[in-house]
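**Q** sequence plus the predicted model coming up.
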Amino acid sequence: MSEPPGLLTRQAGRTESLKPVADEIRAADRFLLTTHENPDGDALGSLLALHHILGLLGKDSVMFLAAKEFPLPVEYRFLPLEEVFHEAPADLVDRLVVFLDCGNIDRMPVDWLQRDDARTINVDHHHDNTRFGDVDLVDTDASSTAEIVYGLAKELGVELTPEIAGALYVGLVTDTGRFSYQNTHADSHRMAAELIEAGVDVNDTYRRLYEHVPIEKLRLVARALEKVEQVDGGLAISSITAEDYRATGASEVLTEGIIDHLRGLEGSSVAALVRDKEDGPAARKVSLRSVDGQVDVSKIAREKGGGGHERAAGFSTDLEYPELVEFLSGEVKAQL
């Protein structure tokens, strides 16, 4: 079956064809699918969609996410991920491992997934992907990893079921910012149209993703907005501290999407949200968004061991908030 319009005709950033990965999938019988830690909508939607695709092909597929990832952010709890493994399956050595939406293998810090004898496929759209797979499918011009999985379904001759379409739509709509980010292109809308025709309920999906907000999150948003400041005209920044969690009754899992409120501050080129982490090796997580495309925030994130896209990236750190403000404002000014 021919590949969908756009996936091969868009040349900028297109580095690998769908066919080698499709051939690997056809040849293997057992799979383990995973994605990066702190998974977002694209990661989870791509994971679930490929799991269903493999099932329709008669393959044995299991999904893996560490137990610490649960409960998921409120926005994604409607996704049917009850079958996800939290430990290595007994027959791990017999399974082809597929990483989805994972720019660097270290973003899934699980030793048994990084062993040298594992055969891995790397499916992603991050421009700074390290090509860590035995077979890499990295389309940096794709709007989302979900778009690449959609292309794989076409290449494999799999018809879109409502379950596959729904999962892919979650990945597409979240990673394009509801079709508002610069990575949105005509193919994004063509894909959305086909997913809707396959059974996606757009209104229901939108409400589940964006309108099921607990009051604790609204209180957390309010505290973050109260503290927002504009530094040197280019950086809009705010923070969420452990005290904010305690005062609102919220948890770190409710911070998803708060940074998008900062992107609208007039005159800003970069939005940054610094939040205290409730567990893990680093004290804080920094999320970055490039508002107008003048600043490549992935370069800033890589300076501190993180990564991401040119317009959306992040890193973990032990730096205190004043130090982070100084570092980030300096990096933004240097690029502007």
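**A** Right, received. Where do you want to start?

**Q** what element comes up after the helix or strand A49 falls within heading to the C-terminus?
**A** Using DSSP states H and E, A49 sits in helix 41-56. Using DSSP H and E, the helix or strand that follows helix 41-56 towards the C-terminus is strand 60-63.

**Q** what residues sit buried inside that following strand?
**A** Buried residues in strand 60-63, counted by 16 or more other C-beta atoms under 10 Å: 61-63. Placement of C-beta: from N, CA and C, glycine included.

**Q** for the helix holding A49, the distance to its chain's centre please.
**A** Here the centre of helix 41-56 is set off from its chain's centre by 13 Å, with C-alpha atoms, centre = their mean, to the nearest Å.

**Q** so, low pLDDT: which residues of the stretch 151-300 of the chain?
**A** The stretch 151-300 of the chain contains residues with pLDDT under 70 at 233.

**Q** where along it do the helices fall?
**A** For the stretch 151-300 of the chain, applying DSSP state H, counting those that start in this stretch gives helices covering 162-175, 186-197, 202-210, 215-226, 242-248, 259-262, 297-303.

**Q** tally of neighbours for P89?
**A** Other residues near P89 number 14, with proximity taken as other C-beta atoms under 10 Å.

**Q** and S287, by the same measure?
**A** Residues within reach of S287, counting by other C-beta under 10 Å, total 24.

**Q** can you check the one 5 residues further on too?
**A** Other residues near D292 number 11, with proximity taken as other C-beta under 10 Å.

**Q** ok so, going back, need the winner for burial among the helices of the stretch 151-300 of the chain.
**A** helix 162-175 (a mean of 25; mean count of other C-beta atoms under 10 Å).

**Q** that helix to helix 202-210, inter-axis angle?
**A** Per axes from the mean of the first three to the mean of the last three C-alpha atoms, to 10 degrees, the angle that helix 162-175 makes with helix 202-210 is 50 degrees.

**Q** quick one: list the elements packing against helix 162-175.
**A** Contact analysis of helix 162-175 by 3 or more C-beta pairs under 8 Å, 6 or more residues apart in numbering; DSSP states H and E lists helix 41-56, helix 145-155, helix 186-197, helix 202-210 as its packing neighbours.

**Q** is S316 within a helix or a strand, and which one?
**A** strand 312-317.

**Q** tell me the helix or strand right after that strand.
**A** That would be, after strand 312-317 and using DSSP H and E, helix 321-335.

**Q** helices or strands next to that following helix in the packing?
**A** When contacts are defined as 3+ C-beta pairs under 8 Å, 6+ apart, helix 321-335 packs onto strand 229-231, strand 235-240, strand 270-276, strand 284-290, helix 297-303.

**Q** the residue nearest to R311 when sequence neighbours are not counted: what's it in contact with?
**A** Nearest residue to R311 in three dimensions, chain neighbours excluded: S290, at 4.1 Å (C-beta to C-beta, 6 or more residues apart in numbering). Residues near S290 by C-beta atoms under 8 Å, 6 or more residues apart in numbering: 269-270, 296-297, 310-312.

**Q** can you rerun that using 7 Å?
**A** Contacts for S290 (C-beta atoms under 7 Å, 6 or more residues apart in numbering) come out as 269-270, 296-297, 310-311.

**Q** hey, what's it bridged with?
**A** V270 (DSSP bridges).

**Q** again with D136
**A** When bridges are called by DSSP bridges, D136 pairs up with N122.

**Q** isn't it right next to V123, touching?
**A** No - contact status for D136 versus V123: not in contact, 8.2 Å apart, counting by C-beta atoms under 7 Å.

**Q** name the residue in those two with the higher neighbour count.
**A** V123 (29 against 19).

**Q** relative to D23, how far out is that one?
**A** As defined by C-beta to C-beta, to the nearest Å, V123 lies at a distance of 14 Å from D23.

**Q** one step back: ok, and the most crowded of the contacts of S290?
**A** Neighbour max across these (other C-beta under 10 Å) = V297, 30 neighbours.

**Q** what about the spatially closest residue to it that is not a sequence neighbour, how many residues nearby?
**A** Nearest residue to V297, sequence neighbours excluded (C-beta to C-beta, 6+ apart): L288, at 3.9 Å. When neighbours are counted by other C-beta under 10 Å, L288 registers 28.

**Q** and L288, what does it touch?
**A** L288 makes contact with 270, 272, 297, 300-301, 313-314, according to C-beta under 7 Å, 6+ apart.

**Q** with H261 instead?
**A** 221, 225.

**Q** what do you get for L262?
**A** 228, 236, 238, 271, 273.

**Q** domain ranges for the chain?
**A** Domain assignment for the chain by automatic domain parsing gives 19-209, 215-335.

**Q** which residue packs closest to the residue in the chain sticking out farthest from the centre, ignoring adjacent ones?
**A** For the chain, the largest distance from the centre (C-alpha atoms, centre = their mean) belongs to D232, which lies 29.8 Å off. Sequence neighbours aside, S329 is the residue nearest to D232 in space, at 5.3 Å (criterion: C-beta to C-beta, 6+ apart).

**Q** quick check: the one you found touching Q230?
**A** No - in this structure S329 lies outside contact range of Q230 using C-beta under 7 Å: 10.0 Å.
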